[in-house]
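K.L.:
no letters, just coordinates:
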């Protein structure tokens with residue numbers, strides 16, 4: 001449905017039309033003026049720069065960090081879910097993509113500060129993967145990137161029951177977390193004999209008429225080890241830690257959150273009979289922490305609209321369709337942390353990924369820094385203490401970036417020097433994305449984009465475009481692709497860094513491209529690209 005943002009577009013259109021009659025000074029900052037004649041070219045440029053907070057969601061496979069390019073459904077819940085919109089100004093009940101990522105934005109009328117944070121829950125469903133849920137709290141405006149780690153559906157695990165007085169116990173299993181200090185926990189399931197005689201099979205018949213009959217059947221069984229078999233589906237234990245949101249005594253709080261074990265009911269077979277209904281009985285699950293010190297929060301958890309709640313160390317399941325999650329959390333989090341300043345010997349936009357590890361070598365979170373050199377970022381929702389930033393080598397335009405050691409994630413300013421890779425030169429792109437059915441309207445995107453050498457297997461270089469303008473690093477003598485993810489499809493165009501002896505642009509690409517030399521010696525590409533998607537209809541024009 002449409003929202004207030006649509007009205008902003010209308011006001012913006014009027015504002016941009018007024019700009020078109022200004023003098024011809026700063027022509028390159030005013031694409032409605034012909035650079036040679038100074039005449040109005042009757043082209044309306046719409047800029048998204050009034051959106052102050054943009055959010056890029058990347059769907060990754062938790063096993064190998066590869067992007068999941070399958071049909072995915074994404075939706076939001078919680079306090080600020082209705083304030084999330086697409087760049088057409090629409091709030092949708094759900095978003096679909098097959099690209100493994102999606103960029104959305106926040107209603108610019110919503111103020112975001114540390115005293116008034118932006119809270120929501122994000123949910124993802126992809127065939128072959130377990131449903132994903134995470135709570136997110138934003139403390140400030142800006143560009144946000146979230147790597148959502150999806151876990152493949154796994155094989156079932158069957159636990160056998162052993163008699164323990166008036167109950168049967170399943171899965172007295174100790175599972176170790178990935179922490180180097182060998183923390184461990186235990187999860188087990190139990191069924192009282194009184195509950196078990198309530199259970200019925202697939203025909204609706206009770207398995208046993210009394211506790212005595214149950215005990216006799218167990219005593220006379222020739223295979224006691226397999227008399228009771230509880231199958232847990234999609235059991236998962238090796239989760240990475242991350243920042244999430246927990247409801248602590250009625251207050252939402254960002255925490256260092258680690259899922260320890262999850263699973264769901266698969267089947268229960270007793271004395272060869274499949275249990276269909278628990279009737280008035282049930283199964284009890286319990287968990288206990290076996291190491292010291294005990295985490296700030298530990299136990300079974302459930303997700304509400306935009307945060308997790310810890311519900312204790314014991315759960316009662318009265319129906320055979322249950323699922324469970326055991327987690328731990330640290331409350332030692334500062335909402336505003338250290339400053340990370342990126343500088344470079346190149347004039348360029350950048351998108352740099354980093355994994356943050358604590359002093360013990362455990363992963364705290366993955367984060368993305370997106371902007372234009374030089375730029376400083378203030379960390380949000382990070383635990384206190386020393387840490388190391390390990391920068392990924394997935395941007396071919398930059399030389400490998402040295403690890404950054406910080407004494408405290410919650411304070412201080414730390415500098416990161418980024419060098420351009422050998423063979424790369426500086427360029428500037430000015431993009432006008434034209435509506436296919438209305439050539440008098442174009443978009444000057446303020447948007448995340450990507451470039452790479454055409455038909456290559458290079459990693460895509462992340463770029464950050466503002467008002468259709470972006471500084472990039474590219475190799476001379478190559479044809480590049482530039483792409484933007486509009487809605488759930490990539491819009492792609494080409495530009496070439498090949499020139500003749502006089503510096504003239506010599507290649508024919510799929511868009512209108514003109515080049516010129518900037519005062520600092522760089523080459524600027526003026527690109528007019530006609531969208532394949534009908535963006536005018538998307539915008540309601």
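P.N.:
Yes, it's here. Everything quoted here is computed from the prediction, not taken from an experiment. Residues are numbered from 1 along each chain as shown.
K.L.:
residue 250: neighbour count?
P.N.:
Applying other Cβ atoms under 10 Å, we find 5 residues neighbouring residue 250. In this view, the C-beta of every residue, glycine as well, is placed from N, C-alpha and C.
K.L.:
for it, give me the pLDDT.
P.N.:
Note on residue 250: pLDDT of 92.
K.L.:
equivalent analysis for residue 174, please.
P.N.:
On the pLDDT scale, residue 174 gets 41.
K.L.:
look up how far residue 323 lies from residue 75.
P.N.:
Residue 75 sits 19 Å away from residue 323, taking Cβ to Cβ, to the nearest Å as the criterion.
K.L.:
again with residue 402
P.N.:
43 Å.
K.L.:
okay, the two: which has more neighbours?
P.N.:
Set side by side, residue 402 and residue 323 show more neighbours around residue 323, with 15 against 12, by other Cβ under 10 Å.
K.L.:
and the more buried one, how far from residue 234?
P.N.:
Residue 323 sits 8 Å away from residue 234, going by Cβ to Cβ.
K.L.:
now list whatever residues contact both of those two.
P.N.:
Common contacts of residue 323 and residue 234, defined by Cβ atoms under 8 Å, 6 or more residues apart in numbering, comprise 262-264.
K.L.:
what about residue 239, neighbour count?
P.N.:
19.
K.L.:
same check, this time on residue 116
P.N.:
The number of residues packed near residue 116 is 9, by other Cβ under 10 Å.
K.L.:
on the three-state scheme, it is what?
P.N.:
Of the three states, residue 116 takes coil according to DSSP: H, G, I helix; E, B strand; the rest coil.
K.L.:
phi first, then psi, for it.
P.N.:
The phi/psi pair for residue 116 (degrees, to the nearest 10) reads phi -140, psi 70.
K.L.:
that one and residue 126: what is the separation?
P.N.:
33 Å.
K.L.:
same question, residue 193
P.N.:
Note on residue 193: its distance to residue 126, by Cβ to Cβ, is 42 Å.
K.L.:
neighbour-wise, which of these two wins?
P.N.:
The neighbour comparison of residue 193 against residue 126 (other Cβ under 10 Å) goes to residue 126, with 22 against 19.
K.L.:
burial of the nearest residue to that one once chain neighbours are set aside, as a residue count?
P.N.:
The spatially closest residue to residue 126, leaving aside those adjacent along the chain, is residue 72, at 4.6 Å (Cβ to Cβ, 6 or more residues apart in numbering). Residues near residue 72, counting by other Cβ under 10 Å, number 25.
K.L.:
show me where the stretch 401-541 of the chain has its helices.
P.N.:
For the stretch 401-541 of the chain, applying DSSP state H, counting those that start in this stretch gives helices covering 535-539.
K.L.:
just the chain next, same as before
P.N.:
4-19, 193-196, 211-219, 535-539 (DSSP state H).
K.L.:
compare those helices and say which comes out lowest on pLDDT.
P.N.:
Lowest mean pLDDT within the helices of the chain: helix 4-19, at a mean of 41.
K.L.:
verify the contact between residue 285 and residue 315 for me.
P.N.:
Yes: between residue 285 and residue 315 there is a contact at 4.8 Å, judged by Cβ atoms under 8 Å.
K.L.:
common neighbours of these two, please.
P.N.:
300, 324.
K.L.:
pull the contacting residues for residue 392.
P.N.:
Here residue 392 is in contact with 352-355 (Cβ under 8 Å, 6+ apart).
K.L.:
one more time with 7 Å, if that's ok
P.N.:
Contacts for residue 392 (Cβ atoms under 7 Å, 6 or more residues apart in numbering) come out as 353-354.
K.L.:
try residue 306
P.N.:
Counting by Cβ under 7 Å, 6+ apart, residue 306 has contacts 77-79, 119-121, 135, 245.
K.L.:
low pLDDT regions in the stretch 401-541 of the chain?
P.N.:
In the predicted model of the stretch 401-541 of the chain, residues 533-541 satisfy pLDDT under 70.
K.L.:
drop anything exposed from the shared contacts of residue 323 and residue 234.
P.N.:
By neighbour count, with 16 or more other Cβ atoms under 10 Å, those hold 262-263 as buried.
K.L.:
of the shared contacts of residue 323 and residue 234, closest to residue 335?
P.N.:
residue 262 (27.7 Å; Cβ to Cβ).
K.L.:
the closest one pairs with what?
P.N.:
Note on residue 262: beta-bridge partners by DSSP bridges are residue 236, residue 325.
K.L.:
kindly state the beta-bridge partners for residue 480.
P.N.:
Beta-bridge partners of residue 480, as defined by DSSP bridges: residue 453, residue 495.
K.L.:
can you give me the strands for the stretch 1-150 of the chain?
P.N.:
For the stretch 1-150 of the chain, the strands defined by DSSP state E, counting those that start in this stretch cover 44-47, 53-61, 72-77, 84-85, 95-97, 101-106, 118-126, 132-138, 142-150.
K.L.:
from residue 82, how far off is residue 90?
P.N.:
Going from residue 90 to residue 82 by Cβ to Cβ gives 12 Å.
K.L.:
cool, and residue 517?
P.N.:
Taking Cβ to Cβ, one finds residue 517 at 48 Å from residue 82.
K.L.:
neighbour count winner among those two?
P.N.:
residue 82 (15 against 10).
K.L.:
distance of residue 513 from residue 468?
P.N.:
14 Å.
K.L.:
residue 55 - nearest residue in space that isn't next to it in sequence?
P.N.:
For residue 55, ignoring the flanking residues on the chain, the nearest one in space by Cβ to Cβ, 6+ apart is residue 144 at 4.7 Å.
K.L.:
just give the number of residues close to that neighbour.
P.N.:
19.
K.L.:
residue 393 too?
P.N.:
12.
K.L.:
wait, isn't it in contact with residue 402?
P.N.:
No: applying Cβ atoms under 7 Å, one finds residue 393 not in contact with residue 402, separated by 11.5 Å.
K.L.:
where in the stretch 51-200 of the chain is pLDDT low?
P.N.:
Ranges of the stretch 51-200 of the chain meeting pLDDT under 70: 172-183.
K.L.:
try 90
P.N.:
Counting by pLDDT under 90, the ranges of the stretch 51-200 of the chain that qualify are 51-52, 86-91, 154-155, 171-184.
K.L.:
those strands in the stretch 201-350 of the chain, which residues are they?
P.N.:
228-236, 242-248, 251-270, 273-277, 283-289, 297-303, 308-312, 314-317, 323-330, 333-344, 349-358.
K.L.:
show me where the stretch 351-500 of the chain has strands.
P.N.:
363-372, 375-383, 387-391, 404-406, 413-418, 425-435, 438-444, 447-453, 461-465, 469-474, 479-486, 489-496.
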